[in-house]
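Visitor: Provided below for reference: sequence and predicted model.
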Amino acid sequence: MRLIDTHTHLDFPDFDADRPRLLANATSRGVERMVVLGVYQANFQRVWDLACADQRLFAALGLHPIYLDQHRPEHLAQLREWLERLHGDPRLCAVGEFGLDYYLEDLDKARQQALFEAQLQMACDFELPALLHVRRSHAQVIATLKRYKPARAGVIHAFAGSYEEAREYIKLGFRLGLGGAGTWPQALRLRKTLARLPLDSVVLETDAPDMAPAMYPGVRNSPEHLPEIAVALAQVMGVDVAELAEASTRNACELFGW
């Protein structure tokens, strides 16, 4: 079973003690490639260094809405400089993680929207996929994507919306990132939606170290867990795990140009 983890934060200090062992174990379990996403300006270099040091790792750079208070106007300029400098380098695979988070009420929506649109424009300018954080903000994200129409589309990370919202993203060319959330039996609405999704619309992810799946409650999440996540999601979706693995890997390769 060949797998690609399309969303990790392997640069986080959570992995400093055992990153090489984790990567070796993930590879032995069939996880061939992993995308590491930047979330604020201060970790761009760390993310890029990881991608340069290990051929299994690919970098995405972005400014995450949760860190809104840390972001400065010059950080957007610096993100553009990074994208210009690395343009055409296959180790840079996307812009992200960025998007809108309406779950945390103290995050200013207007500032989030401006940051979201600035990065979406960069994804369009550099013809890179957009890896999007969308929490309780699907209507606004969909409306914005319809205005910008990014040619390479991207991934809706940790998709947990309705089937109708899923259809809107699919129409726009986006893939839906599926991970630990759908493995939990209490996620009833999400699991009903997953069972209706076409296989050519999904990619697999862990969001490591976050979003631990049901079989590893309260444990640091890791790309090592992706095979078990795939098994659990395949059961929910009513397909063979080999079929889900093949489709999600093909979709990721198409998206990132691998």
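Guide: Now that the structure is in, tell me what you want to look at.
Visitor: can you count the residues close to the residue lying closest to residue 76 once chain neighbours are set aside?
Guide: Once its chain neighbours are removed from consideration, residue 76 has its nearest residue in residue 118; the separation is 5.3 Å (CB to CB, 6 or more residues apart in numbering). Any C-beta I mention is one placed from the backbone N, CA and C, and that applies to glycine too. As a burial measure, residue 118 scores 16 neighbours (other CB atoms under 10 Å).
Visitor: thought residue 77 was touching residue 118, still the case?
Guide: No. In this structure, residue 118 is not within contact of residue 77 by CB atoms under 8 Å, at 9.8 Å.
Visitor: how about the contacts made by residue 175?
Guide: The contact partners of residue 175, by CB atoms under 8 Å, 6 or more residues apart in numbering, come to 153-156, 201-203, 251-252, 255.
Visitor: which parts of the protein are helices?
Guide: Under the criterion DSSP state H, helices of the chain are mapped to 19-28, 44-53, 73-85, 109-125, 138-148, 163-171, 188-194, 226-237, 241-256.
Visitor: let me have the ones you listed in CSV, extended by mean pLDDT and distance to residue 103.
Guide: CSV is the format used below for the helices of the chain (pLDDT from 0 to 100; distance: least, CB to CB, whole Å):
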stretch, mean pLDDT, distance to residue 103
helix 19-28, 98, 29
helix 44-53, 98, 24
helix 73-85, 98, 23
helix 109-125, 98, 12
helix 138-148, 98, 12
helix 163-171, 98, 15
helix 188-194, 97, 15
helix 226-237, 98, 23
helix 241-256, 98, 26
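Visitor: right, and those - which one's nearest residue 5?
Guide: Relative to residue 5, the nearest member of the helices of the chain by CB to CB is helix 226-237, separated by 5.3 Å.
Visitor: now residue 46: closest residue in space, sequence neighbours ignored.
Guide: residue 11 (4.6 Å).
Visitor: ok, now how distant is the one you found from residue 97?
Guide: When distances are taken as CB to CB, to the nearest Å, residue 11 and residue 97 turn out to be 12 Å apart.
Visitor: if I look at the two, which residues touch both of them?
Guide: Here residue 11 and residue 97 share the contacting residues residue 38, scored by CB under 8 Å, 6+ apart.
Visitor: which one's more surrounded, these two?
Guide: Counted by other CB under 10 Å, residue 11 and residue 97 do not tie: residue 97 has more neighbours, with 27 against 24.
Visitor: test my guess that the more buried one contacts residue 62.
Guide: Yes. In this structure residue 97 lies within contact range of residue 62 using CB under 8 Å: 5.0 Å.
Visitor: shared neighbours, these two?
Guide: Jointly contacting residue 97 and residue 62 under the rule CB under 8 Å, 6+ apart are 37-39, 131.
Visitor: what sits against residue 60?
Guide: The neighbours of residue 60, taking CB under 8 Å, 6+ apart as the test, are 35-38, 47, 92-97, 131.
Visitor: which residues touch the nearest residue to it once chain neighbours are set aside?
Guide: Distances taken as CB to CB, 6+ apart put residue 94 closest to residue 60, at 3.9 Å, once the chain neighbours are dropped. If a contact means CB under 8 Å, 6+ apart, then residue 94 has 35, 37, 60, 123, 128-131, 154-155, 256 as its contacts.
Visitor: hmm, residue 82 is touching residue 62, no?
Guide: No. Here residue 82 lies out of contact with residue 62, judged by CB under 8 Å, at a distance of 10.1 Å.
Visitor: those two: who's more crowded?
Guide: In this view residue 82 and residue 62 are compared by other CB under 10 Å, and residue 62 has more residues nearby, 28 against 21.
Visitor: since we're on residue 7, how many residues are nearby?
Guide: Applying other CB under 10 Å, we find 28 residues neighbouring residue 7.
Visitor: nearest residue to it other than its sequence neighbours?
Guide: residue 205 (3.7 Å).
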